[in-house]
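> Following is a predicted model, sequence given first.
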Amino acid sequence: MSTFEIQAVPSKRGSDFAELSRIINHAGLLERRTGYYAAKIVLNLLAFAGGWVAFVLIGDTWWQLFMAAFFAVMFTQLSFIGHDAGHKQIFRTRRANDAVGHLHAGLTGLSYGWWIGKHTRHHANPNHEDEDPDIDIAVLAFTARQGSAKRGFLRWMAKYQAFLFFPLLLLEGLDLHVSSVRAVGKGEVKSRTLEAGLLIGHFAAYLTAVFLVLSPLTGIVFVLVHHALWGLYMGCSFAPGHKGMPTLSAGHELDFLRKQVLTSRNVRGGHAVDFVLGGLNYQIEHHLFPSMPRPSLRRAQIVVREFCEQRGIDYAQCGWPASYGHVLHHLHAVGAPLRATSPEVS
C-alpha cells in the first residue's frame, strides 16, 4: 500500500456515514451476540485452566517450551476478549463489559484502564502522526517527519527498521507489562486499587506457578519464550490493520467515514483467519462501528465494501502475507532518506 501522507483536503458528504449506519442498523449487525461471547469466554477459560493443569503434570522438562507457545496463544485470545469488552461489544452496559475486561486483563497481566485510554485515542485519530499513540513508538518511524526527528541509536534503528520489525515484536509482551505497571503506578487509571491488585495477583500467581514446577534455568527460558511469542502474536495481529496505510497530519478535513476507511486495511481469509486475528482482520468495519460484535463483522464487510465502491472510496484489502509485505515496504521506504544521508554523531 502507498506510503504517502494525507494532507488537508476538502470534506465530502458528511451524511455518507449516517446512511451507512442506517443500513448496518437495519441489518441488525449491531445487536449483541451474548451467546457467542458466552461460549467463547467459557471455552477460553477452560482451555486456559487446562493448560495450567497440563503444565503441572508435565513437570520440570524442556517440553514445557511447547506449553510456553500454548500460553502465548491463550494470552492473545484472552486479550482479544478484553479488546471486545473495551469496545462494549459483549454487553450493552459499560459496567458488565468492564467486569469482563478487567478479568481478562488480570489473567494476562495488563492494565485494562491504561489500554482503554490508549486505544480510544487510536480509534479517534487512526494513523494521525500527532494524535495516534499507536504510531508514536520511539524505536520506529512511520512518517518522514518522525524519521528525520530521530537521533543517535534510534536514528540508526529507523534506518533499518524493516529488518528489525519482527525481532522488535518479540519485546511487545514485555512492553505491555511495563506500560501497564507504569500507568497504574502513576495513577493514570480510574480503578487504580483494583488494577494494582489484579497486576500483583497475576505476577505473583504466574511466577509462583512457573518456579514451583520448573528449575530456575528452565523457568527463566519458559518465561522468555512465552512472552516473546505472545508479543509476536499480538504485534502480528494488530500491525496489519494500519501500518503502511496513509497517515494523517494536522489540518486534514476528512469526514469520519473517509478518515477511518482510508487509514485502515482488511486482511482477507476464511473463518480460520477470523479466529487467529480475533476479528481484527476486519479493521475497516471495526473502526467504523467499534461496538459491533466480532461475529457480525464478516457480514458487515460485504455491506461496507459495496458502499465504499459506490462512492469511489478506496477500500484496502489483501491477503495475510501481503499485509506484512505492505508494512515492511512502508517501514523500509520511510528509512530510505536516513540511509541515504551520511552517519551522524550524536
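Structure received.
> what's in contact with stretch 288-297?
The set of residues external to stretch 288-297 that reach it, using CB atoms under 8 Å, 6 or more residues apart in numbering, is 17, 20-21, 24, 29-33, 36-37, 80, 84, 87-90, 123, 257, 260-261, 274, 278-279, 282, 285-286, 300, 304. Just so you know, the C-beta spots here come from the backbone N, C-alpha and C atoms, and that holds for glycine as well.
> one more time with 7 Å
Stretch 288-297 has contacts (CB atoms under 7 Å, 6 or more residues apart in numbering) with 24, 29-30, 32-33, 36, 84, 87-89, 123, 257, 260, 279, 282, 285-286, 300, 304.
> Show me what the helix or strand containing residue 123 is packed against.
Residue 123 belongs to helix 112-124 when assigned by DSSP states H and E. Packing partners of helix 112-124 (3 or more CB pairs under 7 Å, 6 or more residues apart in numbering; DSSP states H and E): helix 64-86, helix 94-108, helix 172-185.
> Can you tell me which of these is nearest to residue 250?
helix 172-185 (25.8 Å; CB to CB).
> Who are the packing partners of the closest one?
By 3+ CB pairs under 7 Å, 6+ apart, helix 172-185 packs against helix 112-124, helix 192-213, helix 216-238.
> how distant is the helix or strand following the first one from the center of its chain?
If I follow you right, that is helix 112-124. Remark: after helix 112-124, the chain's next helix or strand is helix 144-149, criterion DSSP H and E. Helix 144-149 sits 24 Å away from the centroid of its parent chain (CA atoms, centre = their mean, to the nearest Å).
> likewise stretch 272-280?
Put simply, stretch 272-280 sits 12 Å off its chain's centre (CA atoms, centre = their mean).
> how about the CA coordinates for it, as CSV?
What follows is stretch 272-280, C-alpha atoms only, in CSV (Å, rounded to 0.1, in the frame of the first residue of the first chain):
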residue,chain,number,x,y,z
ALA,A,272,-9.5,-19.6,10.4
VAL,A,273,-8.1,-16.1,9.9
ASP,A,274,-11.1,-14.6,11.8
PHE,A,275,-10.2,-16.8,14.8
VAL,A,276,-6.4,-16.3,14.6
LEU,A,277,-6.7,-12.5,14.3
GLY,A,278,-9.6,-12.1,16.7
GLY,A,279,-11.7,-10.3,14.1
LEU,A,280,-9.1,-7.6,13.7
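> Return the set of buried residues in that stretch.
273-274, 276-280 (16 or more other CB atoms under 10 Å).
> With stretch 211-225 instead?
Neighbour counts over stretch 211-225 (16+ other CB under 10 Å) mark 213-214, 218-219, 221-223, 225 as buried.
> what residues does that stretch touch?
Stretch 211-225 is contacted from outside by 55-56, 59-60, 62, 64-65, 68, 210, using CB under 7 Å, 6+ apart.
> Switch the residues you listed over to JSON lines; also include neighbour count and pLDDT.
As requested, the contacts of stretch 211-225 are exported to JSON lines (neighbours: other CB atoms under 10 Å; pLDDT from 0 to 100):
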{"residue": "55", "neighbour count": "19", "pLDDT": "98"}
{"residue": "56", "neighbour count": "10", "pLDDT": "98"}
{"residue": "59", "neighbour count": "10", "pLDDT": "97"}
{"residue": "60", "neighbour count": "12", "pLDDT": "98"}
{"residue": "62", "neighbour count": "11", "pLDDT": "98"}
{"residue": "64", "neighbour count": "23", "pLDDT": "98"}
{"residue": "65", "neighbour count": "16", "pLDDT": "98"}
{"residue": "68", "neighbour count": "20", "pLDDT": "98"}
{"residue": "210", "neighbour count": "19", "pLDDT": "98"}
